[in-house]
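**Student:** One predicted model, sequence on top.
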Amino acid sequence: MKVPDRVRWALSVVDPGPADRVLEVGCGPGVAAALVCERLETGHLLAIDRSPVAVRRTVERNSSHVDSGRVEVRQSTLDGLDVPAGSLDKAFCVNVNLFWVQDPAVELAVLREALRPGGILYILYGDGPTGEDRVTPVISDALRRNGFADVEVVRGEGVGVRGENCRTPPVT
């Protein structure tokens with residue numbers, strides 16, 4: 001299968017390292033998951049989608065990565081995601097509209113809890129009908145209001161917003 005330009009671009013922006021612990025929100029048919037897994041050595045990918053068909057397709061496309069334990073694929077909404085606090089280095093999505101069509105406060109709270117302090121969230125879009133001036137201000141504002149710092153717009157073969165989790169670890 002040909003990899004869509006927006007997915008290649010998104011992975012160049014996210015740039016997962018070999019030991020990164022990554023979350024993909026809305027994994028669809030598993031194309032981005034395959035590209036992430038090719039970069040991982042000791043790292044791990046958790047790919048989620050609310051669609052059982054998407055989950056099945058991701059598992060089928062990435063069966064060797066699933067078998068090796070490099071990727072886990074779950075049917076889940078983002079607001080229902082349950083992972084240990086601070087267990088992720090990066091989280092990303094490509095063409096997931098929930099961050100600009102509704103108030104994403106609950107979903108961003110889940111991501112802030114799941115990302116380690118300093119972890120990075122990437123909300124990325126291809127060159128479709130979203131329009132940079134339409135989505136990036138809304139997403140940027142939502143990230144700032146919900147505890148993300150160093151929020152910036154990223155551009156290339158797509159557009160998106162990047163923010164750093166500024167949640168501090170609990171004092172023990």
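**Tutor:** Nice, thanks for sending it over.
**Student:** Can you name the element that comes right after the lengthiest helix in the chain?
**Tutor:** If each helix of the chain is counted by residues according to DSSP state H, the longest one is helix 132-145. From helix 132-145 onward toward the C-terminus, using DSSP states H and E, the following helix or strand is strand 148-155.
**Student:** For this structure, just list every one of the helices.
**Tutor:** Per DSSP H, the chain has helices spanning 5-14, 31-39, 52-61, 63-68, 98-101, 105-114, 132-145. These are given in chain order.
**Student:** The shortest one: how far from the chain's middle?
**Tutor:** The chain centroid and the centroid of helix 98-101 are separated by 14 Å, computed with Cα atoms, centre = their mean, to the nearest Å.
**Student:** tell me which residues of that helix are tucked away?
**Tutor:** By neighbour count with 16 or more other Cβ atoms under 10 Å, helix 98-101 contains the buried residues 98-100. Glycine gets a C-beta too; all of them are placed from N, C-alpha and C.
**Student:** ok, those vs Val161, which is closest?
**Tutor:** Phe99 (8.0 Å; Cβ to Cβ).
**Student:** State the distance from that closest one to Leu108.
**Tutor:** Distance of Phe99 to Leu108, computed by Cβ to Cβ, to the nearest Å: 8 Å.
**Student:** can you list residues touching both of the two?
**Tutor:** Common neighbours of Phe99 and Leu108 are listed as Ala142 (criterion: Cβ atoms under 8 Å, 6 or more residues apart in numbering).
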